[in-house]
Each structure stands twice: as structure tokens, then as C-alpha cells.
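S.K.: I would like to see how this sequence folds:
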Amino acid sequence: MTNSVALSRRGLLLAGGAALLATPFLGKGARAATTMRYGHMHTPASIAGAQAEWFAAAVKEKTGGEIDIQIFPNSQLGKLQELAEAVSTGSIAFSHNTAGAVGSLYAPFAAFDTPYLYRDIPHLMNVMDAASPVMEELNAGLIDASGTRALYAFYFGTRNLTLDRAAMTPADLAGVKIRSIPFPIYMATVEGLGGVPVPVDWSEVPTALATGVVNGQENPMNVLVSAKLYEVQSHLMLTGHITAAQVVMMNDDVWNGLSDAHKEAVAAAASETRTRASDEMLAAEATDLEALRGHGMTVLDEAAGLDLAAFKDSVKARVSAEFDAEWGDLYAKIAAVA
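M.R.: Residues are numbered from 1 along each chain as shown. Here you go, the predicted model:
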């Protein structure tokens with residue numbers, strides 16, 4: 001993090017954190033409640049959006065109403081990069097984001113979203129557990145670099161490619177514009193898939209697809225369903241290129257300002273929400289796929305002629321060329337997690 005960002009974060013907090021904490025309020029017979037803000041990009045109808053509400057409810061219950069977390073969905077408080085920076089500066093207390101976006105604050109964090117990195121979903125979740133040696137190491141770096149901490153991570157799903165046409169091999173995507181999350185690991189992944197990455201913030205994706213600014217995008221199936229992307233995309237290619245968790249970030253000064261009892265309550269709420277959200281996402285994947293078929297999307301897998309091996313080889317080669325020298329040791333540590 002640059003000195004200017006660090007100074008702005010300290011300045012906001014020294015100024016009293018007015019943007020972070022709303023005016024405490026008193027319930028009848030209750031202690032003053034501290035109100036904190038949680039901003040994110042997703043619709044409340046998505047599991048990613050719903051888990052923020054579950055976390056807030058769990059924190060309120062476990063603190064006896066002494067911490068009240070207000071949720072601001074649909075990028076109301078900023079886009080991907082802005083949300084990450086807002087937690088860093090202290091203008092909001094919480095957000096959830098992709099590992100690649102968190103990597104804008106501390107670069108090694110983006111390695112968690114490297115394509116075709118994990119053996120399976122349990123391996124992903126073991127790596128992304130707050131107590132895993134890899135997460136503990138990267139979380140320490142994130143705190144030092146940005147004043148934010150990874151509070152918990154929940155299974156977000158497996159990213160697949162959608163288009164306004166069929167694509168069976170990377171060659172079929174030559175010259176095709178694919179929306180990319182505007183961070184390096186995702187741009188490289190889209191190039192590996194064969195397409196031309198076009199950085200578009202999530203809040204602008206439906207319009208970009210509808211108007212032809214881009215021809216396709218890539219996301220987990222629950223996002224496709226909750227955002228109704230089947231209305232603007234006709235084909236789903238089951239490339240399964242990134243199995244990922246969303247990271248719930250918390251401003252570290254806010255964390256350190258909590259009492260021990262409140263830290264325990266927040267940590268317990270985090271653990272419960274991580275499990276609930278991950279289980280909900282796993283359960284939804286099969287039904288979401290059938291829902292997309294029901295909405296008329298053509299689903300292409302290996303049985304239908306999708307050359308999954310070609311996509312894997314192409315993506316791995318492109319990503320390795322850019323990131324192995326920097327993150328090779330980290331990849332080895334991730335592979336060593338049971």
C-alpha cells in the first residue's frame with residue numbers, strides 16, 4: 001500500500017471514523033449499539049449477498065445487539081476496487097471481495113484465485129480457512145500492507161464461461177471480447193481461455209453484455225441465476241477454470257478496537273456464516289445448472305464436445321508464464337495443504 005493510502009486511513013480514523021461508525025443508538029433497557037457498515041457488489045438475492053445478512057444477524061445476536069452491521073448491496077458504496085480500498089481506509093468496516101481484488105491491497109493474495117489450482121473444493125476451503133498456514137501468512141502480510149484482515153472466506157462457486165455463441169476450443173474465442181474482472185490474474189485467465197479480456201466492473205456487466213460491449217463473461221452459476229444473465233447470454237461452457245472463495249474483509253483498526261468478548265462473538269459469527277454460505281452454495285450448484293437450462297441456455301460440456309483439456313492447457317500456460325516466477329513458492333505451499 002502506498003504511503004498516501006496509509007496516511008488517508010490513519011487520517012480518517014484520527015478524525016473519529018465518522019464514515020465508519022454511525023451514531024450509536026439506545027434500545028429500551030439496552031446498552032448503546034455500535035453501528036458498522038458492510039458494503040458489497042452482489043444482489044441480496046444471491047448467496048453471496050445473503051451471507052452478509054446472515055453474518056450481520058449472527059453478530060447482532062451474539063453481542064446482544066451491541067454491534068449492529070448495516071448492509072449495503074449492489075455496489076451502493078463503490079465498485080470492486082473502491083470497496084477494497086474503503087475497508088483499508090476505514091470508511092467502511094466490512095466488505096467481501098474476490099481474492100484478486102484483495103490482491104490490489106497485497107499482491108500475493110491474488111494467487112488464491114489462480115485457475116485450476118485446487119485439487120477439489122475441500123482443498124480450496126482448507127487453504128482458505130483462517131487458521132491454515134497459508135492464510136495466516138498472507139493475512140499477516142495483508143494487515144501490514146493495508147490495515148485490513150481476512151475475517152473469513154466462503155465457497156463462492158466454480159467459474160464457467162458464458163457467451164452469445166458456442167466455443168468448443170480456445171481457438172473459437174480468437175478476437176472475442178470477454179468481460180474480465182479488472183485485475184491481472186483474471187485478465188490472464190481470459191487470455192488463456194482464448195478471448196480478449198475487457199475490464200468491466202460487475203455493476204456494469206449486464207448492460208455491457210446486452211449492448212455488445214462484450215460478448216461473454218465468466219462467473220459461478222449462482223451469479224448467473226441471481227443476476228439473470230441467461231437473458232443476455234445463450235451458451236454456458238463448463239470450463240470450470242477457477243474454483244474460488246469470496247473473502248470477507250474487516251478493517252484491522254476496527255477489529256483491534258473491539259473488546260475481547262466482541263472479538264469472540266464476531267469470530268463465532270464468521271465461522272457459522274462461512275459454513276452456512278459454503279453449504280448453501282454447494283447445494284445450489286446442481287439446481288442452478290438446471291435452472292439455467294430451464295431458462296433456455298445451451299450447456300456445453302465434454303460430452304457435448306467441449307475440449308476441456310485444451311482450455312486447461314492454454315490457461316495454465318498463459319498464467320504460468322506471468323505468475324510462476326512470483327508465486328511459485330506460494331503455489332507449492334498451497335499444494336502441500338491437506
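
S.K.: stretch 33-46: end-to-end distance?
M.R.: 28 Å (CA to CA, to the nearest Å).

S.K.: buried residues in that stretch?
M.R.: Residues 33, 34, 35, 36, 37, 38, 39, 40, 41, 42, 43, 46 are the ones in stretch 33-46 that count as buried (16 or more other CB atoms under 10 Å). For the C-beta atoms, the positions are set from N, CA and C on the backbone; glycine is no exception.

S.K.: pLDDT averaged over it, what's the number?
M.R.: Averaged across stretch 33-46, the pLDDT comes to 94.

S.K.: would you mind listing the buried residues in the helix ranked longest in the chain?
M.R.: Of all the segments assigned as helix in the chain under DSSP state H, the longest by residue count is helix 260-294. Within helix 260-294, the residues scored as buried using 16+ other CB under 10 Å are 262, 265-267, 269-270, 273-274, 276-278, 280-281, 284, 288-289, 291-292.

S.K.: settle this for me: residue 182 is touching residue 201, isn't it.
M.R.: Yes. Here residue 182 lies in contact with residue 201, judged by CB atoms under 8 Å, at a distance of 6.8 Å.

S.K.: name the residues contacting each of those two.
M.R.: Taking CB atoms under 8 Å, 6 or more residues apart in numbering as the contact rule, residue 182 and residue 201 both touch residue 80.

S.K.: per-residue confidence at the residue nearest the centre of the chain?
M.R.: Note on the chain: the residue nearest the mean C-alpha position is residue 98, at 2.6 Å, using CA atoms, centre = their mean. In the prediction, the pLDDT value recorded for residue 98 is 93.

S.K.: one more: residue 203?
M.R.: Residue 203 carries a pLDDT value of 86.

S.K.: quick one: residues contacting it.
M.R.: When contacts are taken as CB under 8 Å, 6+ apart, residue 203 is in contact with 41, 74, 75, 79.

S.K.: redo these as JSON lines? Include distance to residue 338 and secondary structure.
M.R.: Conversion of the contacts of residue 203 to JSON lines gives the following (distance: CB to CB, whole Å; DSSP: H, G, I helix; E, B strand; the rest coil):
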{"residue": "41", "distance to residue 338": "33", "secondary structure": "coil"}
{"residue": "74", "distance to residue 338": "38", "secondary structure": "coil"}
{"residue": "75", "distance to residue 338": "37", "secondary structure": "coil"}
{"residue": "79", "distance to residue 338": "37", "secondary structure": "coil"}
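
S.K.: got a winner among those for most neighbours?
M.R.: By neighbour count, taken as other CB atoms under 10 Å, the most surrounded of those turns out to be residue 41 (25 neighbours).

S.K.: I'd like to know how far that one sits from residue 120.
M.R.: The gap separating residue 41 from residue 120 is 27 Å, by CB to CB, to the nearest Å.

S.K.: the nearest residue to residue 202 once chain neighbours are set aside and residue 98, how far apart?
M.R.: The shortest distance from residue 202 to any non-neighbouring residue, by CB to CB, 6 or more residues apart in numbering, is to residue 41 (5.0 Å). Applying CB to CB, the value for residue 41 to residue 98 is 9 Å.

S.K.: what touches both of these two?
M.R.: Taking CB under 8 Å, 6+ apart as the contact criterion, the residues that touch both residue 41 and residue 98 are residue 80.
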